[in-house]
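J.: Sharing a sequence plus its predicted fold:
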Amino acid sequence: AQTVTQSQPEMSVQEAETVTLSCTYDTSESNYYLFWYKQPPSRQMILVIRQEAYKQQNATENRFSVNFQKAAKSFSLKISDSQLGDTAMYFCAFGNTDKLIFGTGTRLQVFP
Amino acid sequence: KAGVTQTPRYLIKTRGQQVTLSCSPISGHRSVSWYQQTPGQGLQFLFEYFSETQRNKGNFPGRFSGRQFSNSRSEMNVSTLELGDSALYLCASSLEGREFYTGELFFGEGSRLTVL
């Protein structure tokens, strides 16, 4: 069975600084995707970034980038130049043909 | 176009009662999946429906059930409510359901259930 672990329940960062959220996963599959989702307070969950397991190059979306270490089964999210609007719950997720499996989330607070 | 709509947004029930939650997907989307979100467990997959058929089910007791109608709208039902069922219930829609691979799911704002 697949598992996703986020070991940081809460994190905080000052505006304009950089923060890294950690995620590890476990699977015996070779073909899968990894995702980071953002859930702002009282708002809908949205996809931030995704990484295909067979691609070695780390995905980047504007200020968001990942560090994908397949052998270590690690998938961290780096947010550069943090903004107040980045304040949210962040969920790491594993996807295969059947379902999405989420971690327990990291609550990120960005301070002015 | 309209997003995923979940109703009701908030509800309070007592132990032993049952509850029905509704999810209207984005127009044209045929897959609806349901998740239970709790502070300690994160999001846990409940089930997924595609073209009125349940294609996959998570590890939840039989008290949790669902269905999908011909217009792709989906309902989930929880019978004999327990205190531990208090949670935010999210649904997500996608075109064909294989978007678990791509992550292109569109989530609703959720139905927050409190069981007293």
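T.: On my side now, so go ahead.
J.: got the residue ranges for the strands in the chain?
T.: Assuming you mean chain A. A:3-5, A:10-14, A:19-21, A:24-26, A:33-39, A:46-52, A:60-61, A:64-69, A:74-79, A:88-95, A:100-102, A:106-111 (DSSP state E).
J.: wrong one, I was asking about chain B
T.: Secondary structure of chain B (DSSP E): strands located at B:5-7, B:10-13, B:19-24, B:31-38, B:42-50, B:53-57, B:64-68, B:74-78, B:87-94, B:106-107, B:111-115.
J.: about what we covered before: and of the strands of chain A, who's closest to B:Arg9?
T.: Closest to B:Arg9 of the strands of chain A is strand A:33-39 (C-beta to C-beta; 15.4 Å). Where you see a C-beta, it was placed from the backbone N, CA and C, and this is true even at glycine.
J.: Quickly list what the residue nearest the centre of chain A is bridged to.
T.: Geometric centre of chain A, nearest residue: A:Trp36, 3.3 Å, by C-alpha atoms, centre = their mean. Under the criterion DSSP bridges, A:Trp36 forms beta bridges with A:Ile49, A:Cys92.
J.: was I right about it contacting A:Phe94?
T.: No: assessed by C-beta atoms under 8 Å, A:Trp36 is found out of contact with A:Phe94, at 11.3 Å.
J.: Need the overlap of contacts for the two.
T.: Contact with both A:Trp36 and A:Phe94 is made by no residue, according to C-beta atoms under 8 Å, 6 or more residues apart in numbering or on different chains.
J.: got a list of what the residue positioned nearest the centre of chain B touches?
T.: The centre of chain B sits closest to B:Trp34, judged by C-alpha atoms, centre = their mean, with a distance of 3.0 Å. Counting by C-beta under 8 Å, 6+ apart, B:Trp34 touches B:Cys23, B:Phe45, B:Leu46, B:Phe47, B:Glu48, B:Gly66, B:Ser74, B:Met76, B:Tyr89, B:Leu90, B:Cys91, B:Ala92.
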